[in-house]
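**Student:** Build me a model from this:
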Amino acid sequence: MASTMTEVQKIVVSLSLSDVVVEPGGGAQLVVSMTNRQETADRLSLEVEGIDVEWYAIPVPAVNVAPDAQVSERILFKIARSSGNRAGSYPFLVRVQAMETGEVGVAQATLVVKPYSHLQVELDHKRAIATFFRPLNDFDVSITNQGNAEETLNLYASDSDDGCAYEFDTDRITLKPGQTSVVPLAIRPKTTSVLGGTRLYGFTVSARSVDDSYVSANVSGQIEKHALISPFLGIFLLLATVVGGGVYFFRPKPPVPIVIHAFTASTTRIVSGVPVTLSWDVSGSAQQFIIKHRVGREGEEIVDGEQDRAAGSLIVKPEAPQTTYILVVRGAGQPRDAIKNLTIDVAPPPLPVPPGINEFKAAPPRIHPGDMVMLSWKASGVKEAIIDPGNVHLSSLDMTHPETPEQDTTYTLRIVGEDGKTVASKTVDVKVLPKDEPLAEIKFDAANKVIYVGDMAHLKWSVQFAKTVHLTADNNSVDVDVKPDGSRDVKVDVPTVTFTLKAYDSAGQVKTATVIVTTKERPAPPPDTSPPPGVAPTPSTGTPPP
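**Tutor:** Numbers count the residues shown, from 1 in each chain. Modelled structure (predicted):
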């Protein structure tokens, strides 16, 4: 006959660490000590809840433990060095369950994933030529955060001779783990030469963390500056000038033809809402620079404004599905305007994933004042999670949250979508009972409450929120711990038997239910009216059928 344990937890779990710190690319281990305080040997199963299954391994998931014995097993943690494994704290539960009796012991710890930094900087092209008429060159600087923590970076560009000027579209960016950002960079020599040779400037573009100056990355490129006139050509022109100077000075000077050397965009295919930098380089007797645009093939032309430089840039936001920009250059004495078109294809922005909540539960849903409830959920399309009451804001990485309610509470989980506007919500109820009221709920009945003497009484029950369930009878025919849901057949040899089912919760409170089964004598069998062997049966004297 098994005894009842009400005041002592039957499966005790203790951990060697409360915070398990892991460097991405490395590992750590947690020692779990499991004590079987049951009166019989049992096989204990070890599980982890609340973190990604790829982050841990359990070499020995189940072990046999004798009564009042303790064993220790390891949980190995290994986090891949990937930007997808973001730095942060991840609370989890270590659950140990007795496979024979269903008894459970839990312990909580936190997995701390340490941050690491890794930056990569690239240029769309490594070499450019700056001419007298086209000194400005545009580069696209691609910066990638290959670490697992958000980085705010300052951008720098320089050359050892300090011969060029550098202008970023923005000199500070913030990148999430795994994110790549492209920043336009305009470079031009500080001086231009009319006469001279070729000059090569080697420049370096760097991205450096605002928080840690040791976290940086750079890439190198070259600018080749050409003078308007080479030395040999200069000598030839000088002689030609001396010989034909008189003719040159007395001839009427025609206007210098307008030449649009370049009218380019930082990119010609974008997603709606992304800015684009337009750049132009014009030479000649240009006096007026006008930029227009039209949306679509047949859209009306709209003037964006008049510019005052022959070489410059302008940041614009093209509209879907296609925007054509027109550079119009006018000059005195020119027979017609110089015009150049530039078309940019604009794709619509991708639709954000709508938020959804697959599961929201409280464990356990019935408690006493002062007990903790672990709220957990599974959701998709998450930008932010909010728990009410309390307006607790959690990140998209959080999937659990502890609460200690003092009264009946309905918790609401709100999931804010990636667009920051759409919201999905779900609720769960937590019942807080008085300290002297048991948490357990019992359904206990018998298939037949009146049976014949010596027959089996079929008992069935269903119990919730109990740590231990015990079944007894007042005639001592049964006295045993049972599982929370089950049934049992018990032979009844007395007139009346009262069966009692007791459920003990985690605080030792007991909930009791009884079923009374009574018996009656089995009726005697009917007399045997068949004739003895060899004697013919007596014919019936009833009225024959018509």
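**Student:** could you pull out the strands for the stretch 301-450 of the chain?
**Tutor:** 302-307, 311-316, 322-330, 338-347, 356-363, 366-367, 373-380, 384-388, 392-394, 400-403, 409-416, 423-432, 441-446, 450-452 (DSSP state E, counting those that start in this stretch).
**Student:** and of the ones you listed, who's closest to Phe133?
**Tutor:** Distances from Phe133 to each of those were compared using Cβ to Cβ; the shortest belongs to strand 311-316, at 8.1 Å. Any C-beta I mention is one placed from the backbone N, CA and C, and that applies to glycine too.
**Student:** Contact partners for Met399?
**Tutor:** Met399 makes contact with 50, 376-379, according to Cβ atoms under 8 Å, 6 or more residues apart in numbering.
**Student:** How is this protein partitioned into domains?
**Tutor:** Per the record's domain assignment (automatic domain parsing), the chain is made up of the domains 11-113, 117-246, 253-350, 356-432, 441-520.
**Student:** end-to-end on the shortest one?
**Tutor:** The distance separating the two terminal residues of domain 356-432, taken as Cα to Cα, to the nearest Å, comes to 29 Å.
**Student:** Count the neighbours of the residue lying closest to Val12 once chain neighbours are set aside for me.
**Tutor:** Spatial nearest neighbour of Val12, excluding adjacent residues (Cβ to Cβ, 6 or more residues apart in numbering): Thr35 at 4.1 Å. Applying other Cβ atoms under 10 Å, we find 19 residues neighbouring Thr35.
**Student:** For the helix or strand hosting Thr35, enumerate the helices and strands it packs against.
**Tutor:** When elements are assigned from DSSP states H and E, Thr35 belongs to strand 27-36. Using 3 or more Cβ pairs under 8 Å, 6 or more residues apart in numbering; DSSP states H and E, the elements in contact with strand 27-36 are strand 11-15, strand 19-22, strand 42-49, strand 62-65, strand 69-78, strand 88-98, strand 104-113.
**Student:** If we use 7 Å, what do you get?
**Tutor:** Using 3 or more Cβ pairs under 7 Å, 6 or more residues apart in numbering; DSSP states H and E as the contact criterion, the neighbours of strand 27-36 among helices and strands are strand 11-15, strand 19-22, strand 42-49, strand 69-78.
**Student:** The helix or strand that the third one is followed by packs against which elements?
**Tutor:** In the C-terminal direction, the helix or strand that comes right after strand 42-49 (DSSP H and E) is strand 56-57. For strand 56-57, the contact count by 3+ Cβ pairs under 7 Å, 6+ apart identifies strand 69-78 as packing neighbours.
**Student:** The strand it packs on - which strands sit beside it in the sheet, and in what orientation?
**Tutor:** Taking DSSP bridges as the criterion, strand 69-78 forms sheet pairs with strand 27-36 (antiparallel), strand 56-57 (antiparallel).
**Student:** pLDDT of that strand, averaged?
**Tutor:** Averaged across strand 69-78, the pLDDT comes to 94.
**Student:** quick revisit: what comes up buried for the strand holding Thr35?
**Tutor:** 28-30, 32, 34-36 (16 or more other Cβ atoms under 10 Å).
**Student:** Out of the residues you listed, which two are the most distant from each other?
**Tutor:** Pairwise distances among the buried residues of strand 27-36 were taken by Cβ to Cβ; the largest, 26.7 Å, belongs to Ala28 and Asn36.
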